[in-house]
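J.: Pasting a predicted model and its sequence here:
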Amino acid sequence: MFGLIGHLTSLEHAQAVARDLGYPEYADQGLDFWCSAPPQIVDEIRVTSITGQVIEGRYVESCFLPEMLASRRIKAATRKIVNAMAHAQKHGINITALGGFSSIIFENFNLESVSHVRNVMLDFKRFTTGNTHTAYIIARQIEQAAPKLGINLSQATVAVCGATGDIGSAVCRWLNQRTDVQELLLVARNQERLEALQDELGRGKILALDEAMPQADIIVWVASMPKGMEIDPNVLRQPCLLIDGGYPKNLGTKIQQDGVIVLNGGIVEHSLDIDWNIMRIVNMDVPARQLFACFAESMLLEFEKWHTNFSWGRNRITVEKMEQIGEVSVKHGFRPLLV
Ligand code: NDP
């Protein structure tokens, strides 16, 4: 059995969902209540591969909310993640994806040092960040969506915002090794990590976001921001492809400008309907078929019986591993979202 650990995008979202799902006692509560709410299994899932194989899974709501980070309730945030992991393990789930901020909190607060949660000894082999598949899907979205917009990669400048992150650095490696993209712009805040990435790639210009945006034909947003930011579409090139891979979204506003296309980054579409409710709750456009690529990674690991932490740690994703997960992604009927 596979598992997905997820969370909602804001307190307001959580209150609306609680009302919708018939938990009125959660719906009127503030952040303090969510800080103490335990994890819950809220969905049972069946996925059919195009090979005919069928697998079962569970969705674990961690009750983490991004406002916990913004308001420095770090202890509550970290407790949410390890409690959700223990809950998944206790329920016999073999491989579970740490969705959204779960893996970021796990890494940033060194939760690998938490080996016990009450009577459960966490077995990290049963968890995956799902970031290898996410990075692969974003890379394929770049390769497949750019030509549709008339952007030729060999003449294109690609800015990666969040370049030094786990997903951002993997996308940079893919673009560097697998494409002939003309220029790579590396955007993040920590200069030392940017320089280390530039050394590793042997290329790439380090720029601030406001310098990079007007120069880029393609902008990949994979910064771990608890809240989306506003950008002025007038500074963008035309055409410009914006791929927003953040959860919550990195872009705060819907951009409606001729020649500027915004694509939901790191989202896959399955060839067959999935029997579940959870993607309706996170407002996916086609909830029976569309899902986060990190969640799809745990499904792929279950289909292949690779019960191991395929994506783990930070900035270790190789192009070879992206190709490996990409191959089974195609085999089981997943494809990158392109509209
Ligand atoms: P990491 O924490 O590994 O990396 C985040 C990157 O963003 C770093 O380069 C960081 O560098 C940069 N960053 C953070 N804040 C800012 C800022 N304000 N301005 C510019 N850069 C910033 O995150 P991941 O790579 O694991 O995840 C990235 C995003 O992808 C997250 O939003 C996550 O929720 C989402 N995601 C989506 C998935 C999907 O299936 N679609 C799956 C998993 C994650 P620095 O701190 O130096 O600025």
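T.: Everything's here; your move.

J.: The stretch 201-339 of the chain: helices as residue ranges?
T.: Listed in chain order, the helices of the stretch 201-339 of the chain (DSSP state H, counting those that start in this stretch) span 209-212, 278-281, 293-303, 319-331.

J.: Go through those helices and find the least confident stretch.
T.: In terms of mean pLDDT, the lowest-scoring of these is helix 278-281 (a mean of 87).

J.: helices or strands next to that helix in the packing?
T.: Contact here means 3 or more CB pairs under 8 Å, 6 or more residues apart in numbering; DSSP states H and E; on that basis helix 278-281 packs against helix 11-21, strand 40-48. Just so you know, the C-beta spots here come from the backbone N, C-alpha and C atoms, and that holds for glycine as well.

J.: of all of this protein, which residue lies closest to the ligand?
T.: Closest to the ligand within the chain is G165: 2.0 Å, counting by CB to the nearest ligand atom.

J.: quick one, phi/psi of the residue nearest to that residue when sequence neighbours are not counted?
T.: Once flanking residues are discounted, G165 sits nearest to V222: 5.9 Å by CB to CB, 6 or more residues apart in numbering. Taking degrees, to the nearest 10, you get phi -140, psi 40 for the backbone angles of V222.

J.: returning to what we had before: relative to A27, which of the helices of the stretch 201-339 of the chain is closest?
T.: With CB to CB as the criterion, A27 lies closest to helix 278-281 of those, at 13.7 Å.

J.: quick one: buried residues of the closest one?
T.: I278, M279, I281 (16 or more other CB atoms under 10 Å).

J.: before we move on, the earlier item: among the helices of the stretch 201-339 of the chain, which is the most enclosed?
T.: Stretch with highest mean neighbour count among these: helix 293-303 (a mean of 28; mean count of other CB atoms under 10 Å).

J.: helices and strands around it, which ones?
T.: Partner elements for helix 293-303 (3+ CB pairs under 8 Å, 6+ apart): strand 2-6, strand 54-61, strand 95-98, strand 127-128, helix 131-148, strand 267-270, helix 319-331.

J.: Show me which of the ones you listed has the highest average neighbour count.
T.: Ranked by mean neighbour count, the helices and strands packed on helix 293-303 are led by strand 95-98 with a mean of 30 (mean count of other CB under 10 Å).

J.: Show the subsequent helix or strand relative to that strand.
T.: helix 102-108 (DSSP states H and E).

J.: What parts of the stretch 51-200 of the chain come near the ligand?
T.: Residues of the stretch 51-200 of the chain lying near the ligand by CB under 6 Å from any ligand atom: 100-101, 103-104, 130-131, 134, 161-168, 188-190, 193.

J.: Any of those residues buried? List them.
T.: Neighbour-count burial (16+ other CB under 10 Å) is assigned, among those, to 100-101, 103-104, 130-131, 134, 161-168, 188, 193.
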